[in-house]
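Enquirer: 3D model of this:
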Amino acid sequence: MTEKELRKKAMALPLNPGVYIMKNKEKKIIYIGKAKALKNRVSSYFGSHSNHSTKVIRMVENVDDFDYILCDTEFEALVLECSLIKQHMPKYNILLKDDKGYNYIKVTKEEFPRIRECYRMDDENAEYIGPFISTFSVKRAVEETLKIFKLPSCNKKFPRDYGKSRPCLNGFMGLCSAPCNAGITKEEYVKSVEDAVAFLKGGSAKTVKEMQARMEKYSEELEFEKAAKMRDRIKAIKNLDEKQKVVSINVPEEDVFAFVNANKKACFEVIRFKNGRLYDSEHWLIDSVDSSSEARFELIERYYSMRDYIPSRIAVDGEIDDEELLHDYLEHKRGKKLEIVHPQKGEHLKIVNLCIKNANEHLAQQQGRLGKEIAALEELGELLGLPKPPEYIESYDISHTFGADNVAGMVVFHNGRPMKKAYKRFSIKGFDGQNDVGSMNEVLERRFNHYYNDDEESTFTILPDLILLDGGEPQVNAVLPVIKKMNLDIPVFGMVKDNKHRTRAIAYDGGEITINSHRAVFTLVSTIQEEVHRFAITYHHKKHQKSSFSSGLFKIDGIGEKKAKALLKRFKTIGAIKAASVEELQDVQGITEKNAMDIYKYYNS
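Expert: Just a heads-up that it's a prediction; the model follows:
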């Protein structure tokens, strides 16, 4: 069917709750959705695509027909939608892929046994501890066990590499017994592995009790070195227990969700608690979405369709579309009461923020950025009311000396970091004298003329998501007409300093936004303001120095920058050049007899 025919069919649907099933030309199901009113929802796909995400547009392009199933309530539609998605796994429904399998701890059987985490039991000559559902728990358990018992985590082979090389950093730091440097005998190494396996199987309390007895026995037998090793292991295990208590909550069970939506990618994160302790953590990277609240509904619903266990309490970092409907569905699936909370203070808010931080970090790793940079851009976007975090920021500053040598600097921050290849310098041409507002107006007009006229290789052809001007409301008001005249839609704000020349607020057309209490934003904006000021004033100093020269050497016929530098290199100061004879001047490389005569006459006439 054509899109016009599909829209006509959709307009004939009833305004009842139900499920719609999109199919391609091969009659394969590619998308399943629910609706409170089928006619309104399905018809919205066909026609104008101005409000659709790229993913929805791609899906609609592949739709050749659709079916529908009427339901009595939206809740019934949601239950049916979930069942059909699980049955057919349509291409455009799968926001999350369940790649979670069982995990094991592997102990190899060799002269120097090694302890590793793994996903399957594929070695008959190894011992396995498990299975475990949580990849997070297994990885952390292995890492901490290797540290406590000072076992190697490297890829060296023993006994092949035993005593053949210097220890790595872990060896120098005392985190590994360094068998590569013969820092431990084979017998001691094997005993350490046995203790480590007992710890992994029996838990910390049983292991500490056994080690305590051995430590006392070694002390009685005057084997103080062995007793000290036991003491250190006991201390390390107790420190681990204390460390795990830090990430804990005062409720028996809870899942905490966070969703961070950037310009191109988004991250969905969950951390899970049982018996008040963190026991699992998962995350997925997906394409950016138009609505975070809609995405939270779909992602949380999809997550629990892949997991059998639903806790009594779910904490979320933001709004959820149709939260009551999602609550009823999850409660029905769980078979017991459940609550969805949005923590606003205390330890639960700290856990939500931890989840957001982890999501930012995973998103940052995917984009080659630091998590704190993403967090700062997210916070800045929310503070300024922008639709998305500003990925590409341009900032401008004017510099002059009492109205002389007017210049402007433009710096670019991409993904929270300076993009120096896009920096630009402007020499003010429209007027002389001090006029920061007029200068800013001229610079922005010239910048966007480049946008319309330059070839594709120029960085001027990239439109910024945000413009920050060094100055307050007057500078902002000077630039807004330019943006409007150029038929552009770019948010413009000013960066306001206090009397100590430190950033204190962001100015806009009508007021100021204080940023002192927003630490990440304050740091980012301060960095941008300092950088654009440095860049502009450096260019101004260079131009001012050149104009100072122009009052002397550059006014002499035949003397350019190269000859002026040669003269200053030889005589060091203008005063020495003035006092030099024609013969001394002519002695400078590049200075002709005529040049020497002209210089002498200029300063001595």
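Enquirer: Tell me the secondary structure at residue 20.
Expert: strand (DSSP: H, G, I helix; E, B strand; the rest coil).
Enquirer: Model confidence for it, exactly?
Expert: If you check residue 20, the pLDDT there is 95.
Enquirer: So in terms of bridging, what pairs with it?
Expert: Residue 20 has these beta-bridge partners by DSSP bridges: residue 33, residue 68.
Enquirer: wait, doesn't it sit right on residue 70?
Expert: No: counting by CB atoms under 8 Å, residue 20 sits too far from residue 70 to count as a contact (10.5 Å). Every residue, glycine included, has its C-beta placed from N, CA and C.
Enquirer: For those two, list the residues in contact with both.
Expert: Contact criterion CB atoms under 8 Å, 6 or more residues apart in numbering; residues bridging residue 20 and residue 70 by contacting each: residue 38.
Enquirer: For whatever helix or strand residue 212 lives in, which helices and strands make contact with it?
Expert: Using DSSP states H and E, residue 212 falls within helix 204-220. Here helix 204-220 touches helix 186-202, helix 224-246, going by 3 or more CB pairs under 8 Å, 6 or more residues apart in numbering; DSSP states H and E.
Enquirer: Buried residues, the shortest one. List them.
Expert: Along helix 186-202, the positions that meet the burial threshold by neighbour count (16 or more other CB atoms under 10 Å) are 189, 192-193, 195-197, 199-200.
Enquirer: For residue 383, state which of those is nearest.
Expert: residue 200 (47.1 Å; CB to CB).
Enquirer: re the thing from before, okay, residue 20 and residue 70: which has more neighbours?
Expert: Just comparing residue 20 and residue 70: by other CB atoms under 10 Å the higher neighbour count belongs to residue 20, 21 against 13.
Enquirer: Quick test: name the residue nearest the centre of this protein.
Expert: By CA atoms, centre = their mean, the chain has its centre lying nearest to residue 364, at 3.1 Å.
Enquirer: is it true that it touches residue 376?
Expert: No: in this structure, residue 364 is not within contact of residue 376 by CB under 8 Å, at 11.1 Å.
Enquirer: how about the strands in the stretch 451-600 of the chain?
Expert: 466-470, 492-497, 503-508, 511-514 (DSSP state E, counting those that start in this stretch).
Enquirer: same thing with the stretch 51-200 of the chain?
Expert: Under DSSP E, counting those that start in this stretch, the stretch 51-200 of the chain gives strands at 65-70, 103-108, 115-118, 126-132.
Enquirer: So for residue 386, which of the ones you listed sits nearest?
Expert: Closest approach to residue 386 among the strands of the stretch 51-200 of the chain (CB to CB): strand 65-70, 35.7 Å.
Enquirer: buried set for the closest one?
Expert: 66, 68-69.
Enquirer: Which other helices and strands does it contact?
Expert: By 3+ CB pairs under 8 Å, 6+ apart, strand 65-70 packs against helix 3-11, strand 18-23, helix 38-43.
Enquirer: now the angle from that strand to strand 18-23?
Expert: 160 degrees (axes from the mean of the first three to the mean of the last three CA atoms, to 10 degrees).
Enquirer: Next, report how far strand 65-70 is displaced from the centre of its chain.
Expert: 40 Å (CA atoms, centre = their mean, to the nearest Å).
Enquirer: coming back round to it: and which of the buried residues of strand 65-70 is nearest residue 37?
Expert: Nearest to residue 37 among those, with distances taken as CB to CB, is residue 68, at 11.8 Å.
Enquirer: give me the number of residues near residue 260?
Expert: Neighbours of residue 260 (other CB under 10 Å): 28.
Enquirer: doesn't it fall inside a helix?
Expert: No: under three-state DSSP, residue 260 sits outside any helix and is assigned strand.
Enquirer: coming back round to it: could you find the lowest-pLDDT member of the buried residues of helix 186-202?
Expert: Pick the lowest pLDDT in the buried residues of helix 186-202 and you get residue 200, at 75.
Enquirer: residues contacting that one?
Expert: 105, 115, 129, 141, 145.
Enquirer: mind listing what the second one touches?
Expert: It refers to residue 115. 105-107, 142, 145-146, 151, 193, 196-197, 200.
Enquirer: what's the answer for the third one, then?
Expert: Contacts of residue 129 were listed using CB under 8 Å, 6+ apart, and they are 104-105, 107, 197, 200-201.
Enquirer: rerun at 6 Å
Expert: 105, 200 (CB atoms under 6 Å, 6 or more residues apart in numbering).
Enquirer: worst-scoring helix or strand of this structure, pLDDT-wise?
Expert: Within the chain, no helix or strand scores below helix 224-246, which has a mean of 68 by mean pLDDT, DSSP states H and E.
Enquirer: quick check: angle from the longest helix along the chain to strand 466-470?
Expert: When the chain is parsed with DSSP state H, its longest helix is helix 519-550. For helix 519-550 against strand 466-470, the angle by the same axes, to 10 degrees is 60 degrees.
Enquirer: And helix 519-550, how far out from the chain middle?
Expert: On CA atoms, centre = their mean, the centre of helix 519-550 falls 27 Å from the chain's centre.
Enquirer: what comes up buried for that helix?
Expert: 520-522, 524-529, 531-533, 535-537, 539-540, 543-544, 549.
Enquirer: what helices or strands is it leaning on?
Expert: If contacts are counted by 3 or more CB pairs under 6 Å, 6 or more residues apart in numbering; DSSP states H and E, helix 519-550 sits against helix 371-383, strand 392-401, strand 404-414, strand 503-508.
Enquirer: show me what contacts residue 505?
Expert: Taking CB under 6 Å, 6+ apart as the test, what residue 505 contacts is 496, 512, 514.
Enquirer: any idea what sits nearest the second one, other than its immediate chain neighbours?
Expert: Here the nearest residue to residue 512 in space, its sequence neighbours aside, is residue 505; by CB to CB, 6 or more residues apart in numbering that works out to 4.3 Å.
Enquirer: measure that neighbour to residue 339 for me?
Expert: As for residue 505, its distance to residue 339 is 40 Å (criterion: CB to CB, to the nearest Å).
Enquirer: Same check on residue 381?
Expert: For residue 381, the distance to residue 339 - CB to CB - is 30 Å.
Enquirer: Could you check which of the two has the larger neighbour count?
Expert: Taking neighbours as other CB under 10 Å, residue 381 and residue 339 compare with residue 381 leading, 21 against 12.
Enquirer: Residue 387 is in contact with that one, correct?
Expert: No: the pair residue 381 / residue 387 is not scored as a contact, 7.9 Å apart, by CB atoms under 6 Å.
Enquirer: Which element, helix or strand, includes residue 281?
Expert: Going by DSSP H and E, residue 281 is in strand 277-287.
Enquirer: Tell me which other helices or strands the helix or strand just after that strand touches.
Expert: Using DSSP H and E, the helix or strand that follows strand 277-287 towards the C-terminus is helix 292-306. With contacts defined as 3+ CB pairs under 6 Å, 6+ apart, the packing partners of helix 292-306 are strand 253-261.
Enquirer: for the strand it packs on, the distance to its chain's centre please.
Expert: 17 Å.
Enquirer: If you average the pLDDT over it, what comes out?
Expert: 91.
Enquirer: need the next SSE after that strand, C-terminal direction.
Expert: That would be, after strand 253-261 and using DSSP H and E, strand 265-274.
Enquirer: For that following strand, name the packing helices and strands.
Expert: strand 253-261, strand 277-287, helix 346-367.
Enquirer: can you tell which of the ones you listed is closest to residue 170?
Expert: Among these, helix 346-367 sits nearest to residue 170 (CB to CB), with 23.0 Å.
Enquirer: Which positions within stretch 585-600 qualify as buried?
Expert: 585-586, 588, 591, 595-596, 598-600.
Enquirer: Restricting to C-alpha, output it in CSV.
Expert: Extracted C-alpha coordinates of stretch 585-600, given in CSV (Å, rounded to 0.1, in the frame of the first residue of the first chain):
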residue,chain,number,x,y,z
LEU,A,585,72.3,49.8,10.0
GLN,A,586,73.6,48.6,6.6
ASP,A,587,75.5,45.9,8.5
VAL,A,588,72.2,44.1,9.3
GLN,A,589,71.4,41.2,7.0
GLY,A,590,68.7,42.2,4.5
ILE,A,591,69.1,46.0,5.0
THR,A,592,70.2,47.7,1.8
GLU,A,593,72.1,51.0,1.6
LYS,A,594,68.8,52.8,0.7
ASN,A,595,67.0,51.1,3.6
ALA,A,596,69.8,52.3,6.0
MET,A,597,69.6,55.9,4.7
ASP,A,598,65.8,55.9,5.0
ILE,A,599,65.9,54.6,8.6
TYR,A,600,68.5,57.1,9.6
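Enquirer: Thank you kindly, that will do.
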